[in-house]
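[1] Sequence first, then the predicted structure:
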Amino acid sequence: MSLELWLAFCVAETVLCFTPGPAVLFVSSSSIARGARPGLSAALGILAGNTFYFALSATGVAAVILASARLFSALKWAGSAYLVWVGLRMLLTRARPDLPALPQPVSRSFVRGFVVQTSNPKALIFFVALLPQFIDPAGPVAFQVFVLGTSSIAIEFLVLSLYVALAVRARRLAGTRWSNSLERLGGGVLVAAGARLALVRTP
C-alpha cells in the first residue's frame with residue numbers, strides 16, 4: 001500500500017466520520033443527556049464495533065453477511081429497533097426535580113455504543129465495499145488491514161471526541177434546569193436515527 005493510497009483512505013474516513021450517522025448521533029445524544037464520560041464511553045463502544053467489523057472483513061465473514069439479504073435485513077431492523085428503544089427510554093423517563101440525577105454507568109454507554117455500531121448496516125457496507133479499494137492485493141493484506149484499521153480508529157476517535165466536546169459545551173450552556181429537555185432532545189434524535197436506519201435499502 002502506497003503513501004498516496006493511505007492518505008486517500010484517511011481523507012475518505014475523515015469525511016465519513018464527520019457525516020452525521022447513527023454513531024455520531026448516539027455519541028452526541030449521550031453527551032448531551034449525561035455528560036462527557038458517558039459520551040466518551042459510547043465513543044469507545046463505537047470504536048470497539050469498528051474493530052469487530054475490521055476483524056470480520058479480514059476473515060471474509062462480513063462479505064457473507066452482506067451477500068445474504070435476510071441477514072442484512074435482520075441486522076438493519078435490529079439496529080433500528082435498538083436505537084428507537086433507547087431513544088424512547090430517554091423520551092419517556094422523567095427525572096424527579098427534588099432528586100439529583102443518577103449518573104449512567106459508563107459500561108452501559110460502552111455496550112450501547114458497541115451494539116449501535118455493530119447493528120448499523122451502513123458500517124458493514126463500508127467495511128466490505130469501500131475498504132478493499134484501498135488494499136493492494138499484491139502486498140500483505142493482513143498488514144494493510146491492520147494499518148487501515150488503526151488509522152480508522154484513530155481518526156474516528158478524534159472526530160467523536162470533538163462531537164462529545166461540542167455536545168458537553170451545549171449541555172453546560174443550557175444549564176442543569178434544562179437537563180430534562182436535553183434528555184428528551186437526545187431521545188428524539190435517536191428515534192429519528194432509528195427510523196432513518198430502517199429506510200436503508202438492502203443491497
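    Everything's here; your move.

[2] List phi and psi for the nearest residue to residue 184 once chain neighbours are set aside.
    Distances taken as Cβ to Cβ, 6 or more residues apart in numbering place residue 91 nearest to residue 184, at 5.3 Å, with adjacent residues excluded. Glycine gets a C-beta too; all of them are placed from N, C-alpha and C. With angles defined as degrees, to the nearest 10, residue 91 sits at phi -70, psi -40.

[3] Then residue 120?
    According to degrees, to the nearest 10, residue 120 has phi -100, psi 110.

[4] right, and the residue nearest to residue 184 touches residue 194 too?
    No: contact status for residue 91 versus residue 194: not in contact, 12.0 Å apart, counting by Cβ atoms under 8 Å.

[5] residues contacting the residue positioned nearest the centre of the chain?
    Nearest to the mean C-alpha position of the chain, by Cα atoms, centre = their mean, lies residue 23 at 2.3 Å. By Cβ atoms under 8 Å, 6 or more residues apart in numbering, residue 23 lies in contact with 46, 113, 116, 117, 120, 123, 156, 160.

[6] now swap in residue 152 and tell me
    Applying Cβ under 8 Å, 6+ apart, the residues near residue 152 are 9, 13, 50, 54.

[7] out of those, which one sits closest to residue 33?
    residue 50 (23.0 Å; Cβ to Cβ).

[8] Report the contact partners of the closest one.
    Applying Cβ under 8 Å, 6+ apart, the residues near residue 50 are 117, 123, 149, 152, 153, 156.

[9] Okay, and which of those map to helices?
    117, 123, 149, 152, 153, 156 (DSSP state H).

[10] How is residue 138 assigned, secondary-structure-wise?
    Three-state assignment for residue 138 (DSSP: H, G, I helix; E, B strand; the rest coil): coil.

[11] per-residue pLDDT, it?
    Listed pLDDT for residue 138 reads 78.

[12] and it, what are its phi and psi?
    Main-chain torsions, residue 138, degrees, to the nearest 10: phi -80, psi -20.

[13] For residue 184, see how far away residue 29 is.
    Distance, residue 29 to residue 184, using Cβ to Cβ, to the nearest Å: 10 Å.

[14] so what sits against both of those two?
    Residues touching both residue 29 and residue 184 (Cβ under 8 Å, 6+ apart): residue 90.

[15] Can you tell me which helix or strand of this structure has the lowest average pLDDT?
    Lowest by mean pLDDT, DSSP states H and E among the helices and strands of the chain is helix 61-67, with a mean of 65.
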